[in-house]
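Chemist: Sequence first, then the predicted structure, then my questions.
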Amino acid sequence: MGDGVWLHAIARDLEPGAIDGLAGVAGGTVRTVAAAALVAVASPVDLDQFGEEPLRRNLEDLAWLERVARAHHAVVAALARAHTVVPVPLATVYRDDAGVRAMLTQRRGDLDAVLDRVAGRAEWGVKMYAEPAAPAQSSHDVPAGPRAGGPGLAYLNRRRAQLSADEERWQRAADEAEATHAALAECAAAARRHPPQDRRLSGRAEPMMLNGAYLVDRRSADRFAGLVASQAASHAELHLELTGPWPPYSFAAADEAPP
Amino acid sequence: MRQNPYSDSALTSGGSRAPASGYQPANLGDILERVLDRGIVIVGDIRVSLLDIELLTIKLRLVIAAVDTARQMGIDWWEHDPWLTSHARESLPPGTSPEALETPKEALETPKETHEITKEARDSAREARRG
């Protein structure tokens, strides 16, 4: 069992002191590995915990995963504050520096392209929630047709109308989420939709209609926030939530296909 | 004036509490859906097999709806995984067909057997490729 090298992020260069005082996922000192005019920010991990077999076990432990994910995020976020970085996905582990250098050399083109794309930009998250369903409408909302039959048929008609009203409401909310996403994407260099979060995770009763990520120029951050506010104002029946700035996690993959 | 959107966040060197968000502390789900890259756990030289990833994501799916279906995320993940070094890639069994690695339902409930199931699936994938 030797030491492994956990990657946090990749940059072109770092200011002196950029990694001072940062601790890695396993508490070790953050350091750099350079090759191909790129710098990988790494931290040591013990392969007893982060090797192939222990990793697959540990990743299923949500408490372990949370601790590691937050520690990883802390390093990436600290770097992203003052540098252009490509965040590296969680649990990217190399056996030694040579492996890291080989990857940097091999992927230099991709990484350069991603660095160019995210330079001077930050990621913002916008979530949109629909209003909870209104209480069932009373029967007089449904016009009784001239050919309405007995009580059974009336019930079926009411039920059908109710279902189609729900469907319509859902469709309307989905359309508005779509329109909001398009409007926000206009103000962004790139945009992506994450799958909506489960209610247990979002902690809200309303269904999430949009879980968007937007790569926004730093100088446009205020304009973007203003746009979110105006979208929120124009869709009274939907709630918008803005998070960020994030390191450009959602835009770190090379040749990302448009959403 | 240079705008630094990160300036309002604080970092503790312990690394466990560092909200990147200027608006609200980053919640775990928001972090995970970003750092896990759509549920795929990607490793450099060290591989976590497809089935294990599914086990992970299926557990996570209980709390995170950010994970795409196993099929969507499973296909050819090592072929297109840019973080995997060519050395690690070469050590994957030749001709491994990701379609054959679809998780049998029982495998999801019995993580201990995962390794064997993976091997079996790879063997049958190789046979399927030859035949």
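Modeler: That came through, no problem. Residues are numbered from 1 along each chain as shown, chains lettered A, B, ... in the order given.
Chemist: Look up phi and psi at A:Leu95.
Modeler: I think there's a mix-up here, since residue A:95 is Arg and not Leu. The phi/psi pair for A:Arg95 (degrees, to the nearest 10) reads phi -80, psi -30.
Chemist: What is the burial count for it?
Modeler: Look at A:Arg95: counted by other C-beta atoms under 10 Å in any protein chain shown, it has 20 neighbours. Placement of C-beta: from N, CA and C, glycine included.
Chemist: Let me know the pLDDT of it.
Modeler: In this prediction, A:Arg95 carries a pLDDT score of 84.
Chemist: can you check B:Lys105 too?
Modeler: We note a pLDDT of 36 for B:Lys105 in this prediction.
Chemist: Same check on A:Asn58?
Modeler: A:Asn58 is assigned a predicted lDDT (pLDDT) of 81.
Chemist: ok, now B:Val43?
Modeler: For B:Val43, the pLDDT comes out at 51.
Chemist: A:Arg31 - nearest residue in space that isn't next to it in sequence?
Modeler: Leaving aside its sequence neighbours, A:Arg31 sits nearest to A:Ala42 (C-beta to C-beta, 6 or more residues apart in numbering or on different chains; 6.0 Å).
Chemist: how about that neighbour, what does it touch?
Modeler: A:5-8, A:24, A:30-33, A:100 (C-beta atoms under 8 Å, 6 or more residues apart in numbering or on different chains).
Chemist: which of these count as buried?
Modeler: Among the contacts of A:Ala42, those buried by neighbour count (16 or more other C-beta atoms under 10 Å in any protein chain shown) are A:5-8, A:24, A:30, A:32-33, A:100.
Chemist: Of those residues, which fall within the contact range of chain B?
Modeler: Of the residues in those, proximity to chain B by C-beta under 8 Å from any C-beta of the partner chain holds for A:5, A:7, A:24, A:100.
Chemist: among the residues you listed, which two are most distant?
Modeler: Greatest spatial distance among these (C-beta to C-beta): A:Gly24 and A:Val100, at 13.8 Å.
Chemist: Listing request: residues of chain B with sub-threshold pLDDT.
Modeler: For chain B, the stretches with pLDDT under 70 are B:1-25, B:37-131.
Chemist: rerun at 50
Modeler: B:1-24, B:38-42, B:49-55, B:58-59, B:61-80, B:91-131 (pLDDT under 50).
Chemist: circling back: pipe the ones next to chain B among the buried ones among the contacts of A:Ala42 into JSON lines and attach pLDDT and secondary structure per row.
Modeler: Shown next, in JSON lines, are these (pLDDT from 0 to 100; DSSP: H, G, I helix; E, B strand; the rest coil):
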{"residue": "A:Val5", "pLDDT": "91", "secondary structure": "strand"}
{"residue": "A:Leu7", "pLDDT": "92", "secondary structure": "strand"}
{"residue": "A:Gly24", "pLDDT": "94", "secondary structure": "coil"}
{"residue": "A:Val100", "pLDDT": "91", "secondary structure": "helix"}
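Chemist: A:Ala165: which of the residues you listed is nearest?
Modeler: Distance to A:Ala165, by C-beta to C-beta, is smallest for A:Leu7 among these, at 51.1 Å.
Chemist: count of residues packed around A:Tyr214?
Modeler: Neighbour count of A:Tyr214, defined by other C-beta under 10 Å: 28.
Chemist: A helix includes it, no?
Modeler: No: per DSSP: H, G, I helix; E, B strand; the rest coil, A:Tyr214 lies outside any helix segment and is strand.
Chemist: Return the distance of it relative to chain B.
Modeler: Computed as C-beta to the nearest C-beta, to the nearest Å, the A:Tyr214 to chain B distance reads 13 Å.
Chemist: Please tell me how far that residue sits from A:Ala78.
Modeler: As judged by C-beta to C-beta, to the nearest Å, A:Tyr214 and A:Ala78 stand 22 Å apart.
Chemist: just A:Ala34 next, same as before
Modeler: 19 Å.
Chemist: Three-state assignment for A:Ser164, please.
Modeler: Here A:Ser164 is recorded as helix under three-state DSSP.
Chemist: neighbours around it, how many?
Modeler: By other C-beta under 10 Å, the burial measure for A:Ser164, its neighbour count, is 11.
Chemist: same question, A:Glu186
Modeler: A:Glu186 is flanked by 10 other residues according to other C-beta under 10 Å.
Chemist: same check, this time on A:Ala80
Modeler: For A:Ala80, the count of nearby residues is 27 (other C-beta under 10 Å).
Chemist: my guess is it is in a helix, correct?
Modeler: Yes: A:Ala80: assigned to a helix according to three-state DSSP.
Chemist: right, and it touches A:Pro248 too?
Modeler: Yes: using C-beta atoms under 8 Å, A:Ala80 makes contact with A:Pro248 at a distance of 7.4 Å.
Chemist: overlap in contacts of those two?
Modeler: Counting by C-beta under 8 Å, 6+ apart, the residues touching both A:Ala80 and A:Pro248 are A:87, A:122.
Chemist: picking that back up, turn the contacts of A:Ala42 into TSV, columns for distance to A:Trp64.
Modeler: Shown next, in TSV, are the contacts of A:Ala42 (distance: C-beta to C-beta, whole Å):
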residue	distance to A:Trp64
A:Val5	19
A:Trp6	14
A:Leu7	19
A:His8	18
A:Gly24	15
A:Val30	20
A:Arg31	23
A:Thr32	26
A:Val33	25
A:Val100	24
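Chemist: Just give me the neighbour total for the residue in chain A positioned nearest to chain B.
Modeler: In chain A, the residue that lies nearest chain B is A:Arg81 (3.1 Å; C-beta to the nearest C-beta). Neighbourhood size, A:Arg81 [other C-beta under 10 Å]: 20.
Chemist: go on, the one 3 residues further on?
Modeler: A:Thr84 is flanked by 20 other residues according to other C-beta under 10 Å.
Chemist: And A:Asp166, by the same measure?
Modeler: Residues near A:Asp166, counting by other C-beta under 10 Å, number 13.
Chemist: where's the residue of chain A closest to chain B relative to A:Lys127, distance?
Modeler: A:Arg81 is 23 Å from A:Lys127, by C-beta to C-beta.
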